[in-house]
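**Student:** Below are the sequence and a predicted model for it; my questions follow.
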Amino acid sequence: MRVLAAILAWWLASAAMPAAAVEPELTPFVAEALWAPNPATGSDGRRHLVYELRIANTTGSGLELKKVEVLDEPSGKLLLSLDRDGLGKRFSIGGRRGAEATDLGVGQFGVLFLHVALEPADALPRAIAHRISLRLAQPGIDFSATVARTPVVERPLVVLGPPLIGAGYVAADGCCDSIRHVRALLALNGHFTLAQRFAIDWEQIDAENRVVKGDTKNLSNYVIYGREALAVADGTVVSSRNDLPEQVPGALPQGMTIDQADGNFVVLDIGGGSYVLYAHMQPGSVTVKAGAKVKRGDVLGKVGNTGNTQAPHLHLHVMDGPSPLLSNGIPYVFDSFKLVAIDKAGTADFDKAEATGSPLTLTPVWPHQVLSRVLPLDLTVVEFSR
């Protein structure tokens, strides 16, 4: 309701202004933001707009994308500019991960996965627009238009307590430029959904900075395996599952059905239209069922390797509805944690550590930072306490 109210207020404010005549202009494409962006406050001190822009070719010619610029409305201030190389890393035909391209064929559409990072001193835009510059392959004409205006929704951020207790927790595949969650756009029930936009796969390292030591096929060799997953807030259990077997680590399972993707899970209604998903827990460890009332800090289950997963971890995300997949992913923050290091070597370094048992290449944060009401960004290493 708060999101709808914010959008309505923006629309009413715009409608109250004197209407300027808008001349119709033929455009060789249509573009729209799939969801109005809601800023996430990151552990780097910046606010992050993470959202998706659909662009479709409406002509009988191929289109070559040249540049996409994100603009503050109404000032026109440039917030982000992506050239052809940048677009090639973020624009996916049909919204499919792995189908990155810079050109649109006749009748094709693609989804541009956008991330705008605002510095602490930057004012939050009330709305944004997108200047899209491209070339029609036939007859070789350049074209540019400012389109896809959308409000920026400043929904109050959901504040969570710790989902785990202890040191060495790694925020894997987190906000805002990793692709496994941020680009997990799904076509479900005839429309797009992106519940995992701000998801984190929590893993854990030992004193040697390893997520696993010894045989990587042995679940008990993973540091996080069996850790207790805790309720991040008071709430009511909406749904849970407890019967799926562990997967063998090392590769994603084949033939996984959509109803098994989250493995053994819990969905917790924490009020205000916000729901929390805990996924991939050990079989037999989930202690709660639908309708149960829980308090912050209650044990919900133990970290396992069930469902669509290749190594033990706790998948956690917040969404605006009770379905783990049909809902829209919304930003959230933790009330407190200690930031101790960052794996600046990136996802490839983390994937190698998970696959082989090699230590993470960590850059220590010294002195450690005790942070409040921010979201741990991708590959930060944190400590949670009660």
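**Tutor:** Received it, and whenever you're ready, just let me know what you need.
**Student:** Every contact and neighbour count from this point should use C-alpha atoms.
**Tutor:** Fine.
**Student:** helix, strand or coil for residue 259?
**Tutor:** helix (DSSP: H, G, I helix; E, B strand; the rest coil).
**Student:** Contacts only, for the residue nearest to residue 87 when sequence neighbours are not counted.
**Tutor:** Spatially, and ignoring its direct neighbours in sequence, residue 87 is nearest to residue 102 (6.2 Å; CA to CA, 6 or more residues apart in numbering). Residues near residue 102 by CA atoms under 8 Å, 6 or more residues apart in numbering: 64, 65, 66, 84, 87, 88, 91.
**Student:** Can you add pLDDT, distance to residue 190 and neighbour count and give the residues you listed back as a markdown table?
**Tutor:** Formatted as a markdown table, those follow (pLDDT from 0 to 100; distance: CA to CA, whole Å; neighbours: other CA atoms under 10 Å):
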| residue | pLDDT | distance to residue 190 | neighbour count |
| --- | --- | --- | --- |
| 64 | 97 | 28 | 19 |
| 65 | 98 | 27 | 22 |
| 66 | 98 | 31 | 20 |
| 84 | 97 | 31 | 17 |
| 87 | 98 | 27 | 22 |
| 88 | 97 | 27 | 17 |
| 91 | 98 | 21 | 29 |
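**Student:** I'd like the list of these that fall within strands, please.
**Tutor:** Judged by DSSP state E, the contacts of residue 102 include 64, 65, 66, 91 as members of strands.
**Student:** Return the residues in contact with the first one.
**Tutor:** Right, residue 64. Neighbouring residues of residue 64 by CA under 8 Å, 6+ apart: 102, 103, 104, 134, 135, 136, 137.
**Student:** so where's the chain shaky on pLDDT?
**Tutor:** Applying pLDDT under 70 to the chain picks out residues 1-22.
**Student:** For the residue sitting furthest away from the middle of it, grab phi and psi.
**Tutor:** Distance from the centre of the chain peaks at residue 139, with 39.3 Å (CA atoms, centre = their mean). Residue 139 has phi and psi values of phi -100, psi 30 when expressed as degrees, to the nearest 10.
**Student:** repeat for residue 70
**Tutor:** According to degrees, to the nearest 10, residue 70 has phi -100, psi 130.
**Student:** distance of it from residue 83?
**Tutor:** 12 Å (CA to CA, to the nearest Å).
**Student:** likewise residue 29?
**Tutor:** According to CA to CA, residue 29 stands 18 Å off from residue 83.
**Student:** Between the two, which has more neighbouring residues?
**Tutor:** Neighbour totals were compared for residue 29 and residue 83, and residue 29 leads with 19 against 14 (other CA atoms under 10 Å).
**Student:** I'd say the more buried one and residue 61 touch.
**Tutor:** No - here residue 29 does not reach residue 61: they are 10.7 Å apart, not a contact under CA atoms under 8 Å.
**Student:** quick one: contacts of the helix or strand containing residue 30?
**Tutor:** For residue 30, the element it lies in under DSSP states H and E is strand 29-33. Contact with strand 29-33 is made by 51-59, 147-150, as judged by CA under 8 Å, 6+ apart.
**Student:** And it, what's buried?
**Tutor:** Within strand 29-33, the residues that count as buried by 16 or more other CA atoms under 10 Å are 29, 31, 32, 33.
**Student:** Mind putting the residues you listed into JSON lines with distance to residue 195?
**Tutor:** As requested, the buried residues of strand 29-33 are exported to JSON lines (distance: CA to CA, whole Å):
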{"residue": "29", "distance to residue 195": "27"}
{"residue": "31", "distance to residue 195": "22"}
{"residue": "32", "distance to residue 195": "19"}
{"residue": "33", "distance to residue 195": "16"}
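**Student:** follow-up on the earlier one: any chance of the contacts of residue 102 in CSV, with distance to residue 183 too?
**Tutor:** CSV is the format used below for those (distance: CA to CA, whole Å):
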residue, distance to residue 183
64, 22
65, 20
66, 22
84, 19
87, 14
88, 14
91, 10
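**Student:** In terms of secondary structure, what does the helix or strand harbouring residue 114 contact?
**Tutor:** Assigned by DSSP H and E, residue 114 falls within strand 109-118. Judged by 3 or more CA pairs under 8 Å, 6 or more residues apart in numbering; DSSP states H and E, the packing partners of strand 109-118 are strand 47-57, helix 84-90, strand 91-93.
**Student:** The residue lying closest to residue 307 once chain neighbours are set aside and residue 274: what is the separation?
**Tutor:** When the adjacent residues along the chain are set aside, residue 307 lies closest to residue 263, with 3.6 Å between them (CA to CA, 6+ apart). Residue 263 sits 21 Å away from residue 274 when distances are taken as CA to CA.
**Student:** Counting neighbours, go ahead and name the busier of the two.
**Tutor:** Remark: of residue 263 and residue 274, residue 263 carries more neighbours, 29 against 18, as counted by other CA under 10 Å.
**Student:** Can you classify residue 305 by secondary structure?
**Tutor:** What three-state DSSP gives for residue 305 is coil.
**Student:** just checking, residue 289 touches residue 236?
**Tutor:** No - judged on CA under 8 Å, residue 289 makes no contact with residue 236 at a distance of 9.4 Å.
**Student:** Neighbour count for these two, which is higher?
**Tutor:** Comparing residue 289 with residue 236 by other CA under 10 Å, the one with more neighbours is residue 236, at 20 against 17.
**Student:** ok, now how distant is the more buried one from residue 298?
**Tutor:** 12 Å.
**Student:** The stretch 51-200 of the chain: strands as residue ranges?
**Tutor:** Assigned by DSSP state E, counting those that start in this stretch, the strands in the stretch 51-200 of the chain fall at 63-73, 78-82, 91-93, 103-104, 109-118, 127-136, 141-151, 158-160, 166-172, 186-188, 191-193, 200-204.
**Student:** Excluding chain neighbours, give the residue nearest to residue 154 in space.
**Tutor:** residue 38 is the one closest to residue 154 (CA to CA, 6+ apart), at 5.6 Å.
**Student:** neighbours around residue 259, how many?
**Tutor:** Count around residue 259 with other CA under 10 Å applied: 9.
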